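S.K.: Show me how the following folds:
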Amino acid sequence: MKRSSNHHLFFVFFSFSAFFILLTSFAVFIQFSFAESVGRDEAKQLRDEVRDMFYHAFGGYMKHAFPLDELKPLTCAGEDSLGGYALTLIDSLDTLALFGDREQFAVAVEWIGKNLRFDINKTVSVFETTIRVLGGLLSAHLIASDHATGMRITSYNDELLTLSEDLARRLLPAFDTPTGIPFGSVNLLHGVDENESKITSTAGGGTLTLEFGVLSRLTNDPVFEQATKNAVRGIWARRSKINLVGAHINVFTGEWTQKDAGIGTSIDSFYEYLLKAHLLFGDEEYLFMFQEAYKAAMRYLFNDPWYVEVNMNSAVIVWPLFNSLQAFWPGLQVLAGDINPAIRTHHAFFSVWKKYGFTPEGFNLATFTVQQGQKSYPLRPELMESTYWLYKATRDSRYLDAGRDMIASLQYGARCPCGYCHISDVESHKQEDHMESFFLAETVKYLWLLFDLAVGPDNLVENGPYKYIFSTEGHLLPATPEIALVHEHCSYFGAFCRGNYAKHRSVFNISDDTQGNNDSRLRTSGGHNNIPFKPTSRRSTSGLIKGVCPGLNHAQKYGISYMPKADRNEDEPAKQQEATKVQTHSVVLVSSTDLSPTSSGIKDGHTTKKSSQEDTES
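M.R.: Here you go, the predicted structure:
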């Protein structure tokens, strides 16, 4: 099954050559497209134009589709696409707040509090419902209930939080599996159907930690956070020996049913939430997993400036394909402080947008043509997201120019009578009568933030009372003390803990197996050594307890086992057999207290990226 290293080197050489030809062929076009870079006055005009784009689409939805889930912008009608509970309105709540639209934000929150119910006989995607509905409700609750945001609703009485908890409890039965990895779908009234597929995607099972974690902090009920952490551990425990994960997994057996590893479809936001869960909650376990996963991705998936899909065990290339969901990656790299490869990759991805006016779902890197069957552009936000983060990190005007080009494409190619249409074919620009809710939750949000930042930001994200983490659906999750104060650390890290939490977790279960094991990549409590928590210091400070557990390395703290190098000979991946030197990339985690851009990365507590419904397809 392995291919020779010569095949790999030929592909890399061909990729570089083809990419150079592509850039050369577009040099004249790019040069004459924008004779002048975007200045402050034009940035203000573009920011206002993006705001108008939002209200054109939001107004179309409210007039023609509400309370159905989504708008059909060509025929000015509505359709239920997820659960039949005003999906687009919920997904748009924090964008209204970001714009400072107090009136419509308050009206929407009040309507949802009075009318939304989840005791319905609907089978829904766990992933999509979590990132769009649960995330939208929690973000709006945190804004509407807090005077510091400037958007406090005086009549609000935690109705959205109550709805969030009810919804999450209806999703919890999906996590009742031998691996802890959830089913892809669940019925909100009856739980998991007996005929439900046991196959789910890595992104679908591993992109739930932010929303469920925030809910646990707000309700003081750890069940939500623990369920999603167990799901991430279940996936990470089954990674390959070279720290890659596949695309689809059986939630009962833990067997990989699709072993293609990549950063795009079906996997993308798994990487994203490892870093963001650390940034929001301060949890070092997520940081450790992210660092290991990121190093593996950069070693085996990165063919500068593109990313390919490889076999998770051998690292042999299986798909030389750019898919549009990969476009979030440069933005994630900004958050990790790895700016230089992010700049190169964004430039490559944007060259595809320049060629077609949009990014197709799939672009073949061997032929440099649109992949057959993947010609559509469903208004995805990922490239806008990375553009925003790179501008924030560098203040380079090229990203404003890129944003201007994206707005032009959307205005002249996707604008419809009542909103914005999917593009079914990026070559013909044929429109399709559908508008995903994430267009309002993310696509226009990132474009607006980009140009508002250029003008001199005056918004909740840049100048608000908190640092915000963006969920994968673009929802704003603030790093408030209530959310970011991590009780998970208190037993071993010296972090401050709420109340007497340390007393209830006096034993921390870990494995003493530091040599690794072929069958189990993760050791958890039960049948392993129990090391008691022995704080070196204990003091009370405003009701908080501080304790540390000294002398433990990451693998001991988290019970994560490793395969000794001597045992890897038979399955040595192709890239390790090559005599070529592999470029390495250090991960510099950003600070959550400094907003100033630096040459090595933006020091910011924010974050972003979105996965799509394709992530949960089996």
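S.K.: mind listing the strands in the stretch 51-200 of the chain by residue range?
M.R.: Counting by DSSP state E, counting those that start in this stretch, the stretch 51-200 of the chain has strands at residues 70-72, 77-79, 123-125, 185-187, 199-201.
S.K.: Switch the ones you listed over to TSV; also include distance to Asp41.
M.R.: Using the backbone N, CA and C atoms, a C-beta is placed for each residue, glycine as well. TSV is the format used below for the strands of the stretch 51-200 of the chain (distance: least, Cβ to Cβ, whole Å):
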stretch	distance to Asp41
strand 70-72	33
strand 77-79	38
strand 123-125	44
strand 185-187	49
strand 199-201	45
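S.K.: Could you work out which of those reaches nearest to Val461?
M.R.: For Val461, the closest of the strands of the stretch 51-200 of the chain is strand 70-72, at 25.4 Å, according to Cβ to Cβ.
S.K.: I'd like to know how many residues surround Glu458.
M.R.: Actually, residue 458 is Asp. It isn't Glu. 9 (other Cβ atoms under 10 Å).
S.K.: residues touching it, list them.
M.R.: By Cβ atoms under 8 Å, 6 or more residues apart in numbering, Asp458 lies in contact with Asp452.
S.K.: Okay, buried residues for stretch 254-264 please.
M.R.: Across stretch 254-264, burial judged by 16 or more other Cβ atoms under 10 Å covers 254, 256, 258-264.
S.K.: What is the end-to-end distance of that stretch?
M.R.: Stretch 254-264 has its terminal residues 21 Å apart, counting by Cα to Cα, to the nearest Å.
S.K.: residue ranges for the strands of the stretch 201-350 of the chain, please.
M.R.: Counting by DSSP E, counting those that start in this stretch, the stretch 201-350 of the chain has strands at residues 248-250, 256-258, 260-261, 302-303, 306-307, 309-311, 317-319, 321-323.
S.K.: I'd like those as a markdown table, with distance to Asp80 and mean pLDDT appended.
M.R.: Formatted as a markdown table, the strands of the stretch 201-350 of the chain follow (distance: least, Cβ to Cβ, whole Å; pLDDT from 0 to 100):
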| stretch | distance to Asp80 | mean pLDDT |
| --- | --- | --- |
| strand 248-250 | 27 | 98 |
| strand 256-258 | 30 | 98 |
| strand 260-261 | 32 | 98 |
| strand 302-303 | 41 | 98 |
| strand 306-307 | 35 | 98 |
| strand 309-311 | 34 | 98 |
| strand 317-319 | 34 | 94 |
| strand 321-323 | 27 | 96 |
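S.K.: Out of these, which is closest to Ala108?
M.R.: Of all these, strand 321-323 comes closest under Cβ to Cβ, at 33.5 Å.
S.K.: Sheet partners, orientation included, of that closest one?
M.R.: Partner strands for strand 321-323, per DSSP bridges, with pairing direction: strand 362-364 (antiparallel).
S.K.: now the partner strand: how far from the chain's centre is it?
M.R.: Centre-to-centre, strand 362-364 and its host chain are 21 Å apart (Cα atoms, centre = their mean, to the nearest Å).
S.K.: so where's the chain shaky on pLDDT?
M.R.: Under the criterion pLDDT under 70, the flagged ranges of the chain are 1-35, 486-618.
S.K.: So which residue is smack in the middle of it?
M.R.: Nearest to the geometric centre of the chain sits Thr472, at 3.4 Å (Cα atoms, centre = their mean).
S.K.: What is the burial count for the closest residue to that one other than its chain neighbours?
M.R.: In this structure, Thr472 finds its nearest non-sequential neighbour in Ser269, 4.4 Å apart by Cβ to Cβ, 6 or more residues apart in numbering. Ser269 is flanked by 30 other residues according to other Cβ under 10 Å.
S.K.: Rebuild the strands of the stretch 201-350 of the chain as TSV, extending it with distance to Ala479.
M.R.: Shown next, in TSV, are those (distance: least, Cβ to Cβ, whole Å):
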stretch	distance to Ala479
strand 248-250	31
strand 256-258	34
strand 260-261	31
strand 302-303	30
strand 306-307	29
strand 309-311	34
strand 317-319	37
strand 321-323	31
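S.K.: circling back: just the closest of the buried residues of stretch 254-264 to Asp396, please.
M.R.: In terms of Cβ to Cβ, no member of the buried residues of stretch 254-264 lies closer to Asp396 than Ile263, at 23.3 Å.
S.K.: tell me the contacts of that closest one?
M.R.: Counted by Cβ under 8 Å, 6+ apart, Ile263 has contacts 271, 297, 301, 307, 326, 329.
S.K.: so of those residues, which ones are in helices?
M.R.: Members of the contacts of Ile263 lying in helices (criterion: DSSP state H): 271, 297, 329.
S.K.: Can you tell me, leaving aside adjacent residues, what's nearest to the first one?
M.R.: I take that to be Tyr271. Tyr271 sits nearest to Ala293 (Cβ to Cβ, 6+ apart), 6.0 Å away.
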